[in-house]
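Asks: Generate coordinates for the sequence data below:
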Amino acid sequence: MVKVILKWELIGFFAISILGALLHFTFELSGNWMPLAAISAVNESVWEHLKIGFWPALIYAIVEYPYLRKRVNNFMFAKSMGIFAIPLFIAMLFYTYSGIFEVEILIVDILIFIAAVAIGQYIGYRFMIKEITPRALNVVGLVLIITLAVMFVLYTYWPPHLPIFQDPTGIYGIP
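Replies: Predicted coordinates:
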């Protein structure tokens with residue numbers, strides 16, 4: 001069973017990384033189609049880069065749910081912890097290195113994204129292979145995911161004027 005779960009999470013690492021990279025460009029390539037803004041990066045702010053880690057991970061979790069839900073006791077909680085970890089680690093690592101070195105380096109940003117996806121998938125995997133987790137945590141996980149999804153959508157269209165939402169050109173939200 002553990003090997004099956006590990007296989008799904010490894011495939012997920014690649015799928016999430018590729019889809020996240022694509023979502024970096026889809027809004028602009030679509031001719032700025034407004035519904036696509038909810039899941040695509042609309043500018044170069046940190047917030048928009050958190051979105052392109054979150055949405056592919058959520059989409060992949062939805063794909064794997066029918067295959068793994070009966071094989072693990074805590075799918076929803078495990079996936080929510082992994083999905084939540086991706087934007088958390090992107091933000092932590094980005095602000096740490098850019099704060100220390102006072103520079104942003106594209107290759108470092110890409111490596112941070114890939115590392116965050118790997119960490120998120122690993123966290124989800126570790127929670128899925130645990131023997132038993134209280135079922136109530138699955139509800140907590142679902143509430144976390146829904147809350148984060150709503151925040152990503154709302155703050156795309158109506159971003160607060162805070163540094164995390166501002167791209168390097170000074171834009172907030174959709175240009």
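Asks: Could you report the distance from the spatially most central residue of the chain to residue 22?
Replies: Residue closest to the mean C-alpha point of the chain, counted by C-alpha atoms, centre = their mean, is residue 54 at 2.0 Å. Going from residue 54 to residue 22 by C-beta to C-beta, to the nearest Å gives 14 Å. Quick note: C-beta positions are derived from backbone N, CA and C, even for glycine.
Asks: can you check residue 56 too?
Replies: 8 Å.
Asks: Counting neighbours around each, name which of these two comes out higher.
Replies: With neighbours defined as other C-beta atoms under 10 Å, residue 56 and residue 22 compare such that residue 56 has more, 24 against 13.
Asks: Please work out the average pLDDT along the top helix by length along the chain.
Replies: Ranked by residue count and defined by DSSP state H, the top helix of the chain is helix 75-101. Helix 75-101 carries an average pLDDT of 95.
Asks: give me phi/psi at residue 171?
Replies: Backbone geometry at residue 171, expressed as degrees, to the nearest 10, gives phi -80, psi 150.
Asks: That one: neighbour count?
Replies: For residue 171, using other C-beta under 10 Å, the count is 15.
Asks: Helix, strand, or coil at the residue nearest to it when sequence neighbours are not counted?
Replies: Leaving out its chain neighbours, the residue that sits closest to residue 171 by C-beta to C-beta, 6 or more residues apart in numbering is residue 43, at 5.2 Å. On the three-state scheme (DSSP: H, G, I helix; E, B strand; the rest coil), residue 43 is labelled coil.
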